[in-house]
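Engineer: I'll drop the sequence and a predicted model, then ask my questions.
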Amino acid sequence: MIRVAVLGAKGRMGSEACAAVRGAPDMELVAEIGSTDPLDGIAAADVVVDLTRPDVVLDNLAHVLGAGKHAVVGVSGFSPERLEAVRRLIPDGVGVLIAPNFGIGAVLTMHFAQLAAPFFESVEVVEAHHEKKVDAPSGTAARTATLVAQARAKAGLGAVPDATTSDPDGARGAVVDGIHVHAIRMLGVVAQQDVIFGDAGETLTISHNSANRASFMPGVLLSIRNVGQRPGLTFGLEPLLNL
């Protein structure tokens, strides 16, 4: 049995994760810890799942990794600098998996976008999330833009064509590695992303929609089962899916 502690257990995603762990035949939920609760409960865990917030996750990881526990992280906002900070915290033999998105469909969307990127001159990312999401753009959208930019660079493509010379109110959205990313925050939405490609006479849209948080749980459980066999830092579910 894999003994699991969940940080952020009182939130929407955290409570769903607790239910998923309870229902897994090879796991035992040993601690449900709120975002502001003491972390003492992780002592009995093999794997700690952090579903808290960007402003507390690094402090949490310092505590978790200092205790020698494996960690699965579903928190946005991991820049290259923050990822490097995590790498410095990881003891020998301990695994950390940070997932921009636990949805299998979302991971496949990113993979398909990489495949399409070399064949289109234009590309933009549009993401929509619930009104309580604290960061924009989402980690998934930023990761998608980076992967698309890398695929374009490898194919020898230049900058995306865009003649905009005036954008005082940011109508063109954020720019991640040269790719425009637009964020919507709205009641009635859980998580949705469209990657829109364009070329002369055609467009291609790769779309993924999560109707509820249960859609993320297969990825959470997959991460818990695998993180102990992957010492060091793993970013994204792609290696677990052989992508």
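Structural biologist: Structure received. Since this is a predicted model, take the numbers as computed values, not measurements.
Engineer: can you tell me the SS state at Ala71?
Structural biologist: strand (DSSP: H, G, I helix; E, B strand; the rest coil).
Engineer: how much space between it and Gln193?
Structural biologist: 25 Å (Cβ to Cβ, to the nearest Å). C-beta coordinates here come from the backbone N, C-alpha and C atoms, glycine included.
Engineer: equivalent analysis for Ala99, please.
Structural biologist: Separation of Ala99 from Gln193 (Cβ to Cβ): 15 Å.
Engineer: cool, Pro137 as well?
Structural biologist: From Pro137 to Gln193 the distance is 10 Å (Cβ to Cβ).
Engineer: show me the common contact partners of those two, please.
Structural biologist: Residues touching both Pro137 and Gln193 (Cβ atoms under 8 Å, 6 or more residues apart in numbering) are Val125, Glu127.
Engineer: and the residue lying closest to Lys133 once chain neighbours are set aside, what is it in contact with?
Structural biologist: Leaving aside its sequence neighbours, Lys133 sits nearest to Arg185 (Cβ to Cβ, 6 or more residues apart in numbering; 6.2 Å). Contact analysis of Arg185 by Cβ under 8 Å, 6+ apart lists Ala128, His129, His130, Glu131, Lys133, Ala136.
Engineer: need those in JSON lines (columns: pLDDT).
Structural biologist: Below are those laid out as JSON lines (pLDDT from 0 to 100):
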{"residue": "Ala128", "pLDDT": "97"}
{"residue": "His129", "pLDDT": "95"}
{"residue": "His130", "pLDDT": "94"}
{"residue": "Glu131", "pLDDT": "94"}
{"residue": "Lys133", "pLDDT": "89"}
{"residue": "Ala136", "pLDDT": "91"}
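Engineer: now the buried members of those residues.
Structural biologist: Neighbour-count burial (16 or more other Cβ atoms under 10 Å) applied to the contacts of Arg185 gives Ala128, His129, Lys133, Ala136.
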